[in-house]
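K.L.:
after the sequence you'll find the predicted model.
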Amino acid sequence: MSFFKRIFSSEKKQTLNEGLARSKRGVLEKLSRAVTGKKDIDADVLEELEEALITSDIGVRTTTEIIRRIEDRTSRDSAASVDKLLPMLREEIGDMLEAHRGDQPTDLTLPQTQGPYVFLIVGVNGVGKTTTIGKLCHQFAQRGLKVTVGAADTFRAAAVDQLKVWADRTGAHFVAQGQDADPAAVAFDAVESAVAKGHDVVLIDTAGRLHNKKHLMDELSKIKRVMQKVATGVPHEVLLVLDGSTGQNAIEQARQFTAATEVSGLILTKLDGTARGGVVIGIAEEFHIPVRFIGVGEQPEDLQVFNAMEFVDSLLPATFGDDTQNAC
């Protein structure tokens, strides 16, 4: 069965369409140039396609794999017209993203656990980490879940203050010890408090420093170790927040963080207003880590649970000349 077999009409999908509009236009312009004056998918088209994908921030490694897959398909079809190129790309990229999803949920439903479900949120300063935590607080609260937030980014006083604003706004229980406190102690207190209060979710913010991988690894390892004194098996997820608008910078940050700690999922923020949405594909494929959430707007609801089919449908049109945001 084809990867695309449904029509999207939800408000969430419309927001995704609008958030990825610039990325879609940029990709379509580059791909259109690749096939101009061509009838069939030949070596020249594939060379132009490779350049178009790389310059769309998909990355060299991922682009190489996509080209290999397209070459394999066209080798079995001696009359592969350029009209088939976009459907091929949509299917191959969709399959790539789905392959790395694993058992990740496609909504905000959390697995049953003994005690609260604990997220450890990591990422450098400036990527939207604290705001992302606030948006998650809002969405979990909207679903009737009780949330505890731990301000373990004690390196910046502003991070603690900003997180408290979000906690107050969303009704989350806020745990902090102030600037320069031991991050592991804050995480311990947050989990312990959530267990005592019978809360459903714990979100732990962490410092966004990458100047020393060993220091980062030691700090995150200590946070995990200390939290496990309260509840076994926590954190349940380590989510790396990346600024999608930075393109290849985001890939480099992913490389450094995955070398320093075990990352279970990715959050790509600030995809609205940028033409670099293709970076989502490159990061997921290069690091074999599922994308959990993407940010496509300012509102709390605009942090969306990632859906590969919907993402590809919003990023790539079904045909050349189709610059609408309608699904196939």
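P.N.:
Good, I have the coordinates. Values in this document were obtained by computation on a predicted structure and should not be read as measured data. Residues are numbered from 1 along each chain as shown.
K.L.:
the helices in the stretch 201-328 of the chain, which residues?
P.N.:
Secondary structure of the stretch 201-328 of the chain (DSSP state H, counting those that start in this stretch): helices at 213-227, 248-260, 279-287, 308-315.
K.L.:
how far off centre is the first one?
P.N.:
On the basis of Cα atoms, centre = their mean, to the nearest Å, helix 213-227 sits 23 Å off its chain's mean C-alpha point.
K.L.:
pLDDT on that helix, on average?
P.N.:
Mean pLDDT, helix 213-227: 89.
K.L.:
what does the last one give?
P.N.:
Across helix 308-315, the average pLDDT comes to 94.
K.L.:
helices or strands next to it in the packing?
P.N.:
Under the contact criterion of 3 or more Cβ pairs under 8 Å, 6 or more residues apart in numbering; DSSP states H and E, helix 308-315 touches helix 11-19, helix 21-35, helix 85-99. All C-beta atoms are positioned from the backbone trio N, CA, C, and that covers glycine.
K.L.:
between the ones you listed, which one is nearest to G297?
P.N.:
helix 11-19 (5.7 Å; Cβ to Cβ).
K.L.:
could you redo the helices and strands packed on helix 308-315 as JSON lines and give each row mean neighbour count and mean pLDDT?
P.N.:
Below are these laid out as JSON lines (neighbours: other Cβ atoms under 10 Å; pLDDT from 0 to 100):
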{"stretch": "helix 11-19", "mean neighbour count": "17", "mean pLDDT": "93"}
{"stretch": "helix 21-35", "mean neighbour count": "19", "mean pLDDT": "93"}
{"stretch": "helix 85-99", "mean neighbour count": "19", "mean pLDDT": "94"}
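K.L.:
strands of the stretch 101-250 of the chain, residue ranges please.
P.N.:
Ranges of strands within the stretch 101-250 of the chain are 117-122, 147-152, 173-175, 201-206, 237-243, based on DSSP state E, counting those that start in this stretch.
K.L.:
of all those strands, which one is nearest S56?
P.N.:
So among these, strand 237-243 is nearest, using Cβ to Cβ, at 16.8 Å.
K.L.:
how about the closest one as PDB, C-alpha atoms only?
P.N.:
The C-alpha trace of strand 237-243 is given here as PDB (Å, rounded to 0.1, in the frame of the first residue of the first chain):
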ATOM      1  CA  GLU A 237      12.600   9.700  27.500                       C
ATOM      2  CA  VAL A 238      15.500  12.000  26.900                       C
ATOM      3  CA  LEU A 239      14.400  14.500  24.300                       C
ATOM      4  CA  LEU A 240      16.900  16.700  22.400                       C
ATOM      5  CA  VAL A 241      15.500  20.100  21.400                       C
ATOM      6  CA  LEU A 242      17.000  21.500  18.200                       C
ATOM      7  CA  ASP A 243      16.400  24.800  16.400                       C
END
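K.L.:
that strand packs against which elements?
P.N.:
Applying 3+ Cβ pairs under 8 Å, 6+ apart, one finds that strand 237-243 makes contact with strand 117-122, helix 248-260, strand 265-269, strand 291-295.
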